[in-house]
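Novice: generate a structure from the sequence data that follows.
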Amino acid sequence: NLFELFSSPKFLYSGENAHRHLALLLEVFNNVVQYQFTGNQHLVYAIIRRKDSFGRLASLTLSRAVAQCHRAYGDQTTVQYDADEDARQARRS
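Specialist: The predicted structure is shown next:
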């Protein structure tokens, strides 16, 4: 699920601009629901089914995100994945 990937603390803190991916995805969701609801009931249904994920994102704090990252990935101090670097390399190619 793309939303869960983009809203995961690991991804959000992988680069200084990684949060922009999530912001753009949320903007797409908002525009589809607001302006193109007809024909996109499946997206709305999927959003409703993922309400817990949206709730976790709404209540995300820096301390909670850091704790989740440590729990999931150990005490690694280096970033293994940098979404911003991937985007820069894709533009160069």
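
Novice: and the pLDDT for Ile48?
Specialist: For Ile48, the model assigns a pLDDT of 91.

Novice: can you tell me how far it is from Phe29?
Specialist: 12 Å (Cβ to Cβ, to the nearest Å). (Each C-beta comes from the backbone N, C-alpha and C, glycine too.)

Novice: neighbour count for those two, which is higher?
Specialist: Phe29 (17 against 9; other Cβ atoms under 10 Å).

Novice: how much space separates the more buried one from Gln89?
Specialist: 28 Å.

Novice: give me the below-cutoff pLDDT ranges for the chain.
Specialist: For the chain, applying pLDDT under 70 flags the ranges 72-87, 90, 93.

Novice: after the top helix by length along it comes which helix or strand?
Specialist: The residue-count maximum for a helix in the chain (DSSP state H) belongs to helix 19-35. Using DSSP states H and E, the helix or strand that follows helix 19-35 in sequence is helix 41-49.

Novice: what helices or strands is the next helix or strand after that following helix leaning on?
Specialist: The helix or strand immediately downstream of helix 41-49 is helix 51-58, counting by DSSP H and E. Judged by 3 or more Cβ pairs under 8 Å, 6 or more residues apart in numbering; DSSP states H and E, helix 51-58 is in contact with helix 2-7.

Novice: report the backbone C-alpha coordinates of the helix it packs on in PDB.
Specialist: Extracted in PDB, the C-alpha atoms of helix 2-7 (Å, rounded to 0.1, in the frame of the first residue of the first chain):
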ATOM      1  CA  LEU A   2       1.500   3.200  -1.200                       C
ATOM      2  CA  PHE A   3      -0.100   5.300   1.600                       C
ATOM      3  CA  GLU A   4       1.300   3.100   4.300                       C
ATOM      4  CA  LEU A   5       4.700   3.200   2.800                       C
ATOM      5  CA  PHE A   6       4.800   7.000   2.500                       C
ATOM      6  CA  SER A   7       3.400   7.400   6.000                       C
END
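
Novice: buried residues of it, list them for me.
Specialist: Using 16 or more other Cβ atoms under 10 Å as the test for burial, helix 2-7 gives 3, 6-7.

Novice: likewise stretch 29-37?
Specialist: Buried-residue list, stretch 29-37, by 16+ other Cβ under 10 Å: Phe29.
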